[in-house]
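*Asks:* Here you go, sequence then predicted model.
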Amino acid sequence: MKNSVTTSETRLRLFEEVILPHLNAAYNLARWLTRNEYDAQDAVQEAYLRAFRFFDGYRGGDGKSWLLEIVRNTCFTFHRREKRNVTSVVFDEAAHTPAVGLPNAEEALVEAGKRTIMQKCIEGLPETFREVLVMRELEEMSYREIADVAGVPAGTVMSRLSRARKRLEECAQGRNMESDK
Amino acid sequence: MNCSNDLIEAYMDEELDPGPSASLEEHLLNCQACAEAHSRFRTQKANIRSAPYYTAPAQLERSVRDALRRAVANEAKPAASILPWRWMAIAATVLLAISVSWNIHPFPRRTVENDLVAQNILSDHIRSLIGTHLLDVPSSNQHTVKPWFNGKLDFSPDVKDFTSQGFPLIGGRLDYLMDRPVAALVYGRRQHVINVFTWPADPTLMAESHYSRNGYNAIHWSHASMTFWAVSDIAPTELAQFKNLYEK
């Protein structure tokens, strides 16, 4: 692909044409990684600005993977910043804790059903598992594409996916048993 | 053939070449254990895919486009900033939209008085961001900000700094709310601004309450006979976290 960008206006138009259409994919990944809509929006906006700065380094090809790599790194930077700055917990702790001993949480889970159980279980996965799972199952990306984004070999993507699914199965079973009581 | 979960998963992820894929399909017909594993994975995949796909909110595309335009404008002429009237126009639109829709959907435990205060607080927060009057005393030092209010108010506001917790004090200003002068303390959170309004409490407005409108969140609490309102466009959880720091 020819990438001889002359003025910033042309560069912006090209960027909007090639990279902006992946906004939903960017937001979905950021939303799953940050686990809240506010951080996700901040992360996506910052990622787009970074992407625009690095746009000269984009050599054509899959714009989605290229963008998602930046989104993912931005989310992880946000998260590290949070961990450093924050003494109390930002994330919804209840969502990441088994519902044992929380009668209201149990009732809520029964009502919300499998969909919520799966959402909570995915949110409870470690980041490295969560990102590959979201990219595979919700973005329907190939191992190769996921490997590019996560910066690991395709074999590692495969084994992380496998472990993520195993954990999800255990988590969903645990949650189902909680709600069946 | 040797059947394994890895192979079944790769097959379901459409990562197998046609040859291996065909032999696995054949194997699944003849091996009950593998067929069961396959069926388990298929159910799980359907469950996982029932999890939400979060699509970008409409205003995110607008704000990304705006941010990109600004980045280009800054590249073109690094010294010049965007004309202030454009900001004024944008902010005025936001203000209008909020003043129209602020009244609906009250949260529980609110009072009519609190709703009225909340409306005023939100307008004030937005006005502070539009104009030139965010800070009368720009300082990250609480020992500079607190004495500045001496003689300007009939009370002495509680000024704290939370830089180490990610909410740096930026400064303060004198403001006028509900027919009385109040202290407005300004804090930062990443690129966001938090306004904290405080004045001696009216005993009828003691209950803690939360408000959320048009992407802005406000939280109200009382402490040591003072009333506090924190308002910002950061997440409610972060605002609550800020309030907890403040109360300590």
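*Replies:* Nice, I can see it.
*Asks:* where in chain A is pLDDT low?
*Replies:* In the predicted model of chain A, residues A:1-6, A:82-112, A:177-181 satisfy pLDDT under 70.
*Asks:* Tell me where the longest helix sits in it.
*Replies:* Criterion DSSP state H: the longest helix present in chain A is helix A:154-180.
*Asks:* Quick check: chain neighbours aside, which residue is closest to A:D39?
*Replies:* A:F78 (6.0 Å; C-beta to C-beta, 6 or more residues apart in numbering or on different chains). (C-beta placed from N, C-alpha, C; glycine too.)
*Asks:* ranges for the helices of chain B?
*Replies:* Using DSSP H, helices in chain B cover B:5-12, B:18-30, B:32-49, B:58-76, B:84-101, B:112-130, B:142-148, B:236-247.
*Asks:* who's in contact with the third one?
*Replies:* The contact list for helix B:32-49 (C-beta atoms under 8 Å, 6 or more residues apart in numbering or on different chains) reads A:114, A:118, A:122, A:133, A:137-138, A:165, A:168-169, A:172, B:3, B:5, B:8-9, B:12, B:27-29.
*Asks:* and with 6 Å instead?
*Replies:* Residues outside helix B:32-49 that contact it (C-beta atoms under 6 Å, 6 or more residues apart in numbering or on different chains): A:M118, A:E137, B:C3, B:I8, B:M12, B:L28.
*Asks:* tell me the domain ranges of chain A?
*Replies:* Domain assignment for chain A, taken from automatic domain parsing, gives A:1-91, A:92-181.
*Asks:* Of those, which is nearest B:V182?
*Replies:* Closest to B:V182 of the domains of chain A, according to C-beta to C-beta: domain A:1-91, at 27.1 Å.
*Asks:* circling back to that earlier point, adding distance to B:R180, write the domains of chain A out as JSON lines.
*Replies:* As requested, the domains of chain A are exported to JSON lines (distance: least, C-beta to C-beta, whole Å):
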{"stretch": "domain A:1-91", "distance to B:R180": "32"}
{"stretch": "domain A:92-181", "distance to B:R180": "37"}
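*Asks:* now the ones you listed in TSV, with mean neighbour count?
*Replies:* Formatted as TSV, the domains of chain A follow (neighbours: other C-beta atoms under 10 Å in any protein chain shown):
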stretch	mean neighbour count
domain A:1-91	18
domain A:92-181	17
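*Asks:* B:K248 is nearest to which of the ones you listed?
*Replies:* Among these, domain A:1-91 sits nearest to B:K248 (C-beta to C-beta), with 10.1 Å.
*Asks:* Relative to the whole chain's centre, how far out is that closest one?
*Replies:* 12 Å (C-alpha atoms, centre = their mean, to the nearest Å).
*Asks:* what's the answer for stretch B:159-175, then?
*Replies:* 17 Å.
*Asks:* Check the secondary structure at the spatially most central residue of chain A for me.
*Replies:* By C-alpha atoms, centre = their mean, chain A has its centre lying nearest to A:L29, at 3.1 Å. Under DSSP: H, G, I helix; E, B strand; the rest coil, A:L29 falls in the helix class.
*Asks:* Distance-wise, check it relative to B:N141.
*Replies:* Distance from A:L29 to B:N141, counting by C-beta to C-beta, to the nearest Å: 40 Å.
*Asks:* what are the phi and psi angles of residue 150?
*Replies:* Just going to use chain A. Main-chain dihedrals, A:A150, degrees, to the nearest 10: phi -80, psi -10.
*Asks:* pLDDT score for the residue in chain B that chain A sits nearest to?
*Replies:* Closest residue of chain B to chain A, C-beta to the nearest C-beta: B:G166 (3.2 Å). Per-residue pLDDT puts B:G166 at 91.
*Asks:* Any figure for the gap between it and B:I194?
*Replies:* B:G166 is 11 Å from B:I194, by C-beta to C-beta.
*Asks:* same thing with A:E69?
*Replies:* In terms of C-beta to C-beta, A:E69 sits 32 Å off from B:I194.
*Asks:* Same check on B:L174?
*Replies:* Using C-beta to C-beta, which is the criterion applied here, B:L174 is 18 Å from B:I194.
*Asks:* So for these two, which sits in the more crowded spot?
*Replies:* Set B:L174 next to B:I194 and count neighbours by other C-beta atoms under 10 Å in any protein chain shown: B:I194 wins out with 22 against 15.
*Asks:* Provide the partner residues of that one in its beta bridges.
*Replies:* Beta-bridge partners of B:I194, counted by DSSP bridges, are B:Y187.
*Asks:* Make sure it is actually in contact with B:D233.
*Replies:* No. Contact status for B:I194 versus B:D233: not in contact, 9.1 Å apart, counting by C-beta atoms under 6 Å.
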